[in-house]
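Chemist: model this:
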Amino acid sequence: VQLMESGGGSVQPGGSLRLSCGTHELSLDLYDVGWVRQAPDKEREGVSCASNFYNTEVRYYTDSVKGRFTISRDRAKNEVYLEMTDLKPEDTAIYYCATGHCTDDQFATHPSNYWGQGTPVTVSS
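Modeler: Numbers count the residues shown, from 1 in each chain. You can find the predicted model right below:
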């Protein structure tokens, strides 16, 4: 199963982008879904996640994006979004959509989860 991301690009500091993640191969309602990013020369980082539709709702954000990023679902379109505002140069990374395990404390993923191919985000003046 391949998740499909879109919406990455290049913006100036303070700008906004909305990343989208979808698939025709499974219902995202059944899965905890989130976003993981990897910047050059840095470890992969869980940015945000949303619990599956059938469990108690959980939303997670890593500290550096709280108040700036918002994760949401569109059940009708079977898509998950990451709305990113007030972008900073340190947000520059490849952003991956993935399934995993979403808690209040983290978004845990594994190579065996479903992943997208990644979409690049560059924040630079």
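Chemist: isn't Val11 right next to Arg18, touching?
Modeler: No. The criterion here is Cβ atoms under 8 Å, and Val11 misses it with Arg18 at 11.2 Å. For glycine as for every other residue, the C-beta is placed from the backbone atoms N, C-alpha and C.
Chemist: more neighbours: which of these two?
Modeler: Comparing Val11 with Arg18 by other Cβ atoms under 10 Å, the one with more neighbours is Val11, at 18 against 14.
Chemist: please name the residues that touch the residue nearest to the spatial centre of the chain.
Modeler: For the chain, the residue nearest the mean C-alpha position is Trp35 (2.3 Å; Cα atoms, centre = their mean). Trp35 sits next to 19, 21, 46-49, 71, 82, 95-98, 107 when contact means Cβ atoms under 8 Å, 6 or more residues apart in numbering.
Chemist: swap in Ser125?
Modeler: Residues counted as contacts of Ser125 (Cβ under 8 Å, 6+ apart) are Gln12, Pro13, Pro89.
Chemist: could you do Gln2 as well?
Modeler: So Gln2 contacts Thr23, Glu25, Tyr114, Trp115, Gly116, Gln117 (Cβ under 8 Å, 6+ apart).
Chemist: so which of those sit within strands?
Modeler: Those of the contacts of Gln2 mapping onto strands are Trp115, Gly116, per DSSP state E.
Chemist: only the buried subset of the contacts of Gln2, as a PyMOL command please.
Modeler: Filtering those down to the buried ones (16 or more other Cβ atoms under 10 Å) takes a single PyMOL command:
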select buried, resi 23+114+115+116
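Chemist: farthest-apart pair in the contacts of Gln2, please.
Modeler: The most widely separated members of the contacts of Gln2, counting by Cβ to Cβ, are Glu25 and Gln117 (14.1 Å).
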